[in-house]
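Q: coords below, sequence missing:
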């Protein structure tokens, strides 16, 4: 998948919007309290740093002039100032982590909400416009909230340091103040020049890491098939190719970090020497006391550090810019997907029956699969949909389920809570059987005994007890594909819909079990539509919707025929 190139202005707009949404959300009260606390704590830390610089100055002067009483007094003050700084720093770190977690919770809930709404997750995967959205929700939002807050607080700390230590350094030496400003400006410029490629490389690295991890997960999930097919080497080669791509990109990152490291290390070493070189001659002439040298060195380092925010944090800034761009591209893709329609088939939800009005479906290449289909599925009816061209049946099932299928016309369906779909592949997933079978918002109350009875009717209960319904398991690994299908079917039956729509049920369940399922649905007065394999037995159904290879269709009422 191609990388998303996000304009700086769009990224900045997204960044500001994310902060604004958070500060006006339902957790804004807690967020503001924590933010104000952080501002107060960082202001206190900055003030205590200034106090420490003067206490340290008098402390060192007392040592140089052998003033024992003053030395003891300044040592006590020094200890108190450091203790206060420690307390303020610890509480600031605590408040920062709590605020970052609060922000991550808010953004993650919001992102999952828009990602899972209206089939957005499905259409994003089909369109392929954004790579690894799962990583962007799980990892990039975490990095975004943590790093954004860290940068904002470091920026606040730098601004406070500039205000407090500029006056200190100016009082010591105006020359030293101007030297600090010019030195920091030159260092920031050189760091940007040397490290700018890191932003794009970090973007690529995150995608490469996600691809490699995804490949490993696929091997784990398909371990049995790989063993049966004896395709271990092919999958190993693919994993190694993904890792080689990852390693090649990371080698480029290491090379640029080396160049930035050479400059940053020398830059930081010079910070310790410059103030001493400038102030030492004045001390040697007797114009300044010895403590001023240590104070000037500390004040110079603090001020240059504040001005050198880019130099000190460039690697983090480049990663942060990457994360902002990835989240921005994800949100852009989500919004674009929600605005678009995948096809021109009109989907209408209405109480009553399932039906089609002048529905024509085509393949991606334009071949007509179903032509001008108009009919209504009668209530409490078992219908089989079959024909010569399996592609037509698959397209009609996808269109009925609301998936993207090219075509025209209209599909009228009961509200989603009154119709359930079961495709060829089911995913029971992790959780408890109770969560899968009887979610809290089900339409009717079902007792545990009724749930177990239904599972037994479907041949699933085995040795299950009531306590097993609340056992947390990954059912997608414990159950076979057929058993997972039966669990999802049981969940659909418990929901008591008016219609259940199946795909290839004859192939999945077998003819004998399917007859029992159809009888069970008839007993519960649930209409069933099975999009079957060509040539599937039709005698157990009330009606047949038969389609031809040219897109034509025929409705056969087997009740009347009988």
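A: All right, it came through fine. For clarity, every value in this text was computed on a predicted model and none was experimentally measured. Numbering: from 1, shown residues only.
Q: and the pLDDT at the residue nearest to residue 37 when sequence neighbours are not counted?
A: Leaving aside its sequence neighbours, residue 37 sits nearest to residue 95 (C-beta to C-beta, 6 or more residues apart in numbering; 5.0 Å). From N, CA and C alone the C-beta is placed, and that goes for glycine too. Looking at residue 95, its pLDDT is 88.
Q: check residue 14 too.
A: On the pLDDT scale, residue 14 is placed at 67.
Q: ditto for residue 82
A: 84.
Q: can you tell me the SS state at residue 372?
A: Here residue 372 takes the strand state, with states given by DSSP: H, G, I helix; E, B strand; the rest coil.
Q: mind starting the numbering at 3 from now?
A: Yes, from this point I'll number from 3; that puts the last item at residue 374.
Q: and for it, the neighbour number?
A: Residues near residue 374, counting by other C-beta atoms under 10 Å, number 15.
Q: so which bits of the one helix or strand residue 556 maps to are buried?
A: Taking DSSP states H and E as the criterion, residue 556 maps to strand 555-559. Across strand 555-559, burial judged by 16 or more other C-beta atoms under 10 Å covers residue 555.
Q: where do the strands sit along this protein?
A: Taking DSSP state E as the test, the strands found in the chain are 348-351, 356-364, 370-379, 384-389, 409-415, 421-424, 432-433, 475-476, 501-505, 529-533, 545-549, 555-559.
Q: quick one, the last one and strand 356-364 angle?
A: Using axes from the mean of the first three to the mean of the last three C-alpha atoms, to 10 degrees, the interaxial angle of strand 555-559 with respect to strand 356-364 works out to 160 degrees.
Q: helices or strands next to the helix ranked longest in the chain in the packing?
A: The residue-count maximum for a helix in the chain (DSSP state H) belongs to helix 234-286. The contact analysis (3 or more C-beta pairs under 8 Å, 6 or more residues apart in numbering; DSSP states H and E) places helix 234-286 against helix 176-197, helix 200-223, helix 292-309, helix 311-341.
Q: redo that, cut-off 6 Å
A: With contacts taken as 3 or more C-beta pairs under 6 Å, 6 or more residues apart in numbering; DSSP states H and E, helix 234-286 sits against helix 176-197, helix 200-223, helix 292-309.
Q: now the shortest one: mean pLDDT?
A: When the per-residue pLDDT values of helix 292-309 are averaged, the result is 64.
Q: per the record, what domains does this structure have?
A: According to automatic domain parsing, the chain comprises the domains 10-341, 348-563.
Q: tell me the contacts of the most centrally placed residue in the chain?
A: Centroid-nearest residue in the chain, with C-alpha atoms, centre = their mean: residue 139, separated by 0.7 Å. Neighbour list for residue 139: residue 113 [criterion: C-beta atoms under 6 Å, 6 or more residues apart in numbering].
Q: hmm, try it at 10 Å
A: For residue 139, the contacting residues are 109-110, 113-114, 117, 329, 332, by C-beta atoms under 10 Å, 6 or more residues apart in numbering.
Q: quick one: low-confidence residue ranges for the stretch 103-252 of the chain.
A: Residues of the stretch 103-252 of the chain that meet the criterion pLDDT under 70 lie in 120-121, 124-134, 167, 170-171, 174, 223, 226-227, 230-232.
Q: follow-up on the earlier one: now do the longest helix of the chain against helix 176-197, angle only.
A: Angle between the axes of helix 234-286 and helix 176-197 is 170 degrees (criterion: the same axes, to 10 degrees).
Q: okay, the angle between helix 234-286 and helix 200-223?
A: Using the same axes, to 10 degrees: helix 234-286 against helix 200-223 is 150 degrees.
Q: skip the chain neighbours and tell me the closest residue to residue 159.
A: Nearest one to residue 159, counting by C-beta to C-beta, 6+ apart, is residue 44 at 5.4 Å.
Q: I'd say residue 499 and residue 424 touch.
A: No: taking contacts as C-beta atoms under 10 Å, residue 499 lies outside contact range of residue 424: 11.1 Å.
Q: in stretch 541-556, what's buried?
A: 542-547, 549, 553, 555.
Q: mean confidence for it?
A: 86.
Q: what's the first-to-last distance across that stretch?
A: 16 Å (C-alpha to C-alpha, to the nearest Å).
Q: then stretch 502-516?
A: 13 Å.
Q: how far out from the middle of the chain is that stretch?
A: 36 Å (C-alpha atoms, centre = their mean, to the nearest Å).
Q: can you check stretch 419-437 too?
A: Counting by C-alpha atoms, centre = their mean, stretch 419-437 is centred 23 Å from the centre of its parent chain.
Q: show the end-to-end separation of it, please.
A: 17 Å.
Q: quick check: buried residues in it?
A: Within stretch 419-437, the residues scored as buried using 16+ other C-beta under 10 Å are 420-425, 428, 430, 435-436.
Q: check stretch 215-227 too.
A: Neighbour-count burial for stretch 215-227 [16+ other C-beta under 10 Å]: residue 217.
Q: got the contact list for that stretch?
A: Here stretch 215-227 has contacts from 133-134, 136-137, 228, 230-231, 233-234, 237-238, 240-245, 248, 478-479, using C-beta under 10 Å, 6+ apart.
Q: 8 Å instead?
A: With contacts defined as C-beta atoms under 8 Å, 6 or more residues apart in numbering, stretch 215-227 is touched by 134, 228, 237, 240-241, 244.
Q: which among those residues gets closest to residue 353?
A: Nearest to residue 353 among the contacts of stretch 215-227: residue 134, at 40.4 Å, using C-beta to C-beta.
Q: backbone dihedrals for residue 405, please?
A: phi -90, psi 160 (degrees, to the nearest 10).
Q: burial of it, as a residue count?
A: Quick note: residue 405 (other C-beta under 10 Å) scores 17 neighbours.
Q: kindly provide the distance from it to residue 217.
A: Separation of residue 405 from residue 217 (C-beta to C-beta, to the nearest Å): 26 Å.
Q: and if you look at residue 229?
A: Applying C-beta to C-beta, the value for residue 229 to residue 217 is 17 Å.
Q: now do residue 178
A: 56 Å.
Q: one more: residue 158?
A: Counting by C-beta to C-beta, the gap from residue 158 to residue 217 is 42 Å.
Q: equivalent analysis for residue 450, please.
A: 41 Å.
Q: with residue 511 instead?
A: Counting by C-beta to C-beta - residue 511 and residue 217 are separated by 33 Å.
Q: how about the contacts made by residue 502?
A: Going by C-beta under 8 Å, 6+ apart, the list of residues near residue 502 reads 421-424, 491, 494-495, 523, 528-531.
Q: tell me the pLDDT at it?
A: On the pLDDT scale, residue 502 is placed at 90.
Q: quick one, helices of the stretch 53-202 of the chain?
A: Ranges of helices in the stretch 53-202 of the chain, per DSSP state H, counting those that start in this stretch, are 70-118, 122-129, 135-137, 143-174, 176-197, 200-223.
Q: a markdown table please, covering the ones you listed and showing distance to residue 353.
A: Conversion of the helices of the stretch 53-202 of the chain to a markdown table gives the following (distance: least, C-beta to C-beta, whole Å):
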| stretch | distance to residue 353 |
| --- | --- |
| helix 70-118 | 26 |
| helix 122-129 | 26 |
| helix 135-137 | 35 |
| helix 143-174 | 40 |
| helix 176-197 | 62 |
| helix 200-223 | 40 |
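Q: and the ones you listed: which comes nearest residue 17?
A: Across the helices of the stretch 53-202 of the chain, closest to residue 17 is helix 143-174 (C-beta to C-beta), at 7.6 Å.
Q: off-centre distance for the closest one?
A: The answer for helix 143-174 is 29 Å, by C-alpha atoms, centre = their mean.
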